[in-house]
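Participant: Return a 3D structure for these sequence lines:
(chains A and B)
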Amino acid sequence: MEHIQRQPVRVARSRPSLLDALQRWLPKLVVAPTFVLVGVGIYAFMIWTGVLSFTSSSFLPVYEFVGFEQYAKLMANDRWLTASVNLGIFGGLFIACCLVIGVVLAIFLDQKIRQEGAIRTIYLYPMALSMIVTGTVWKWILNPSLGLEKLMHDWGWTSFSFDWLVNSDMAIYTIVMAGVWQASGFVMALFLAGLRGVDSSIIRAARVDGASLPLIYWKIILPSLRPVFFSAVMVLAHIAIKSFDLVMAMTAGGPGYSTDLPAVFMYAHTFTRGQMGLGSASAMLMLGAILALLVPYLYSELREKRHD
Amino acid sequence: MTDVVRTGFRPSRVAVYGVLLLAALVYLIPLFIMLVTSFKTPMDIRTGNLMALPTDWTTIGWTKAWSEACTGVDCGGIRGYFWNSFKMTVPAVLISTLLGAFNGYVLSKWKFKGSNLFFGMLLFGCFVPFQVVLLPMAATLGQLGLANTTTGLVLVHVIYGVAFTTLFFRNYYVAIPDALIKAARLDGAGFFTIFFRILLPMSTPIFMVSLIWQFTQIWNDFLFGVVFASGDSQPITVALNNLVNTSTGVKEYNVDMAAAMIAALPTLVVYIVAGKYFIRGLTAGSVKG
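Facilitator: Numbers count the residues shown, from 1 in each chain, chains lettered A, B, ... in the order given. Presented below is the predicted three-dimensional model:
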């Protein structure tokens, strides 16, 4: 058997070297298109935006350099400030609510529930929807005259009033609601997968020792899911920083610019208000925010892998 | 077994089921409202409330959304945009998945000097906020004559999707023993023979994951659609947003909801039919990425 299989090797080795060279280059040739697409489409364009952020570009890109002027303008810009504060509110609440809801649902679903598959499917379907669809529905539900308010009036709670969607102090919280509705099921799925990986003998041992189930979850199981927790925060933060669709569909940044997020600010200034330099500077700051999250995350990931 | 039966009647069990069912209701209600509203008459919407069933069911909202509704200046309904989305999504999904499969194959089984660096580059590409590439991409598409075309959108979605698809395939192929590949190489099998004869037949699950993930992402995209397309080439998400946020005339919420349902149906159907792979894509993309 061995001898028969070794035979073709010698044949292959004696082929012309051109074919050998081709075989050696083939893997590189195959990834070359992607290398070019990503190299240009992500890395070169990133640098290009960086360059534009140091120019006085308005309606068209011009290469007249003005140093950090756009960044200084950005910092003094009221609307950017609102957008940044909103990102803090939205991001913080969105991540916290998704985590709490997701973890609770995952733990409850892990109790040998009948019809678990069906329930899981229901929790996760919003994740398959476009944020524009989500925004459209929630905008209708929260409609100040015909939506939730009218429903409560019809059901007998006549003093109920809910105008958050058009209230510039509260509108950002309606975005949080829709965002949590859409993404919390995803956190549930992540944690459920994590819980399924926990060794059940640990739980049994702790039960024998007399620990209550909530205590076991709080003290033993959840701490052991730290990596899942980090991944979830990473993905949610990423969704929050890039959030654009949901705001555009629900409030388009309004009333006024009270629900602006950095992504909306960037779009408005770059593509509709003719302030490309300022828009590019805001995009670079968004990149900076992601890097500030990503670098420690990747660092810890890589370090863990090296330990393995 | 007796243990299960006994715990089945404990009050805490009832509470667990209560919370789970309540949560299921909360997730379902928006879909219910969307459906019910889409079958109401405008009159019905004004007199009834969100949770009320239509007094007389009508599909007028659906037909109007499909072929008559105004999205900005154009009043031909959303059907053209629906097909635009298909014309954009299908090629972009196929191309990005194929590229991802070959990239993943090379990055796991044909490593070369610098291939890890290349993989790191791709991985980082998954996280970059797209705002940082929008303006140069718009300028480049203009130079290439691809601005406001479906081809341009396909190109954009391939570029920014290939990092994810490569990640899927690379992580899948890494788990396949190298010995298998080495044995095939000793037998004289080349690069493509190994891929098509050995890896491809065992790749169905990961192809499903990649196809479904890409389909959902690209169909649901709004940012690229609104920035790189205008008028006739816009995808459905942009048309839906235009329809809902057009301020001319009387608001017809039944039409809005029907349009939202139409925009949501393809991804919902895919989710219901192949939800298993969708979930796997979601968790693979985050846990390993």
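Participant: Which of the helices or strands spans the residue nearest the centre of chain B?
Facilitator: In chain B, the residue lying closest to the centroid (Cα atoms, centre = their mean) is residue B:216, at 1.0 Å. Using DSSP states H and E, the secondary-structure element containing residue B:216 is helix B:204-220.
Participant: What's the mean pLDDT across that helix?
Facilitator: Averaged across helix B:204-220, the pLDDT comes to 92.
Participant: Just give me the neighbour total for residue A:303.
Facilitator: Counted by other Cβ atoms under 10 Å in any protein chain shown, the residues lying close to residue A:303 total 9. Where you see a C-beta, it was placed from the backbone N, CA and C, and this is true even at glycine.
Participant: Now the most centrally placed residue in chain A. Nearest residue, chain neighbours left out?
Facilitator: In chain A, the centroid-proximal residue (Cα atoms, centre = their mean) is residue A:239; its distance is 2.2 Å. Leaving aside its chain neighbours, residue A:239 sits nearest to residue A:183 (6.3 Å; criterion: Cβ to Cβ, 6 or more residues apart in numbering or on different chains).
Participant: for the helix or strand harbouring that neighbour, packing partners?
Facilitator: Assigned by DSSP H and E, residue A:183 belongs to helix A:171-196. Of the remaining helices and strands, those touching helix A:171-196 by 3 or more Cβ pairs under 8 Å, 6 or more residues apart in numbering or on different chains; DSSP states H and E are helix A:78-109, helix A:116-124, helix A:131-141, helix A:226-242, helix A:245-250, helix B:11-38, helix B:253-287.
Participant: Compute the inter-axis angle for that helix and helix A:131-141.
Facilitator: Angular relation of helix A:171-196 and helix A:131-141 on a 0 to 180 degree scale: 120 degrees, by axes from the mean of the first three to the mean of the last three Cα atoms, to 10 degrees.
Participant: Show me how far helix A:171-196 is from its chain's centre.
Facilitator: Taking the mean C-alpha point of helix A:171-196 and that of its whole chain, the gap between them comes to 11 Å (Cα atoms, centre = their mean, to the nearest Å).
Participant: In it, which residues are buried?
Facilitator: Going by neighbour count (16 or more other Cβ atoms under 10 Å in any protein chain shown), the buried part of helix A:171-196 is A:171-172, A:174-195.
Participant: how close does residue A:201 get to chain B?
Facilitator: 16 Å (Cβ to the nearest Cβ, to the nearest Å).
Participant: In chain B, where is pLDDT below threshold?
Facilitator: Low-confidence segments of chain B, defined by pLDDT under 70: B:1-9, B:247-249, B:284-289.
Participant: So it: which segments form each domain?
Facilitator: Structurally, chain B divides into domains by automatic domain parsing as follows: B:2-58, B:79-287.
Participant: out of the ones you listed, nearest to residue A:250?
Facilitator: With Cβ to Cβ, the closest approach to residue A:250 among those belongs to domain B:79-287: 9.5 Å.
Participant: residues touching the residue nearest to residue A:101 when sequence neighbours are not counted, list them.
Facilitator: Excluding the flanking residues, the one nearest residue A:101 by Cβ to Cβ, 6+ apart is residue A:184, at 4.3 Å. Residues near residue A:184 by Cβ atoms under 8 Å, 6 or more residues apart in numbering or on different chains: A:97, A:98, A:101, A:102, A:105, A:123.
Participant: residues contacting residue 279?
Facilitator: Assuming you mean chain A. Counting by Cβ under 8 Å, 6+ apart, residue A:279 makes contact with A:265, A:266, A:267, A:268, A:269, A:270, A:271, B:135.
Participant: Oops, wrong one, chain B.
Facilitator: By Cβ under 8 Å, 6+ apart, the contact set of residue B:279 is A:124, A:189.
Participant: Could you rerun that using 6 Å?
Facilitator: Contacts of residue B:279 were listed using Cβ atoms under 6 Å, 6 or more residues apart in numbering or on different chains, and they are residue A:189.
Participant: cool, and residue B:169?
Facilitator: Shown here is residue B:169, whose contacts under the criterion Cβ under 6 Å, 6+ apart are B:100, B:101, B:104, B:206.
Participant: now swap in residue B:87 and tell me
Facilitator: The neighbours of residue B:87, taking Cβ under 6 Å, 6+ apart as the test, are residue B:150.
Participant: Then residue A:165?
Facilitator: Taking Cβ under 6 Å, 6+ apart, one finds A:142, A:171, A:174 in contact with residue A:165.
Participant: Of the helices and strands packed on helix A:171-196, which is nearest residue A:71?
Facilitator: Proximity to residue A:71 (Cβ to Cβ) singles out helix A:78-109 among the helices and strands packed on helix A:171-196, at 10.3 Å.
Participant: Which strands and helices lie in contact with the closest one?
Facilitator: Of the remaining helices and strands, those touching helix A:78-109 by 3 or more Cβ pairs under 6 Å, 6 or more residues apart in numbering or on different chains; DSSP states H and E are helix A:171-196, helix A:226-242, helix A:262-267, helix B:11-38.
Participant: what about the next helix or strand after the first one, distance to the chain center?
Facilitator: The element immediately downstream of helix A:171-196 (helix or strand, assigned by DSSP H and E) is helix A:200-208. The chain centre lies 35 Å from the centre of helix A:200-208; the measure is Cα atoms, centre = their mean.
Participant: cool, and stretch A:162-182?
Facilitator: In terms of Cα atoms, centre = their mean, the centre of stretch A:162-182 is found 19 Å from the chain centre.
Participant: which residues touch residue A:128?
Facilitator: When contacts are counted by Cβ under 6 Å, 6+ apart, residue A:128 is found next to B:216, B:267, B:271.
Participant: What is the nearest of those to chain A?
Facilitator: Closest approach to chain A among these (Cβ to the nearest Cβ): residue B:271, at 3.8 Å.
Participant: count of neighbours near that closest one?
Facilitator: Using other Cβ under 10 Å, residue B:271 has 22 neighbouring residues.
Participant: Kindly report the same for residue B:212.
Facilitator: The local packing of residue B:212 (other Cβ under 10 Å) involves 26 other residues.
Participant: wait, isn't it in contact with residue B:275?
Facilitator: No: between residue B:212 and residue B:275 there is no contact under Cβ atoms under 6 Å: 9.0 Å.
Participant: Quick check: nearest residue in space to residue 51, chain neighbours excluded?
Facilitator: Chain wasn't specified; assuming chain A. residue A:63 (7.6 Å).
Participant: I was thinking of chain B, sorry if that wasn't clear
Facilitator: Distances taken as Cβ to Cβ, 6+ apart put residue A:151 closest to residue B:51, at 6.0 Å, once the chain neighbours are dropped.
Participant: mind listing what's buried in the helix or strand harbouring that neighbour?
Facilitator: Using DSSP H and E, residue A:151 sits within helix A:148-154. Taking 16+ other Cβ under 10 Å as the basis for neighbour counts, the residues of helix A:148-154 that come out buried are A:148, A:149, A:150, A:151, A:152.
Participant: pLDDT averaged over it - what is it?
Facilitator: Rounded to a whole number, the mean pLDDT of helix A:148-154 is 85.
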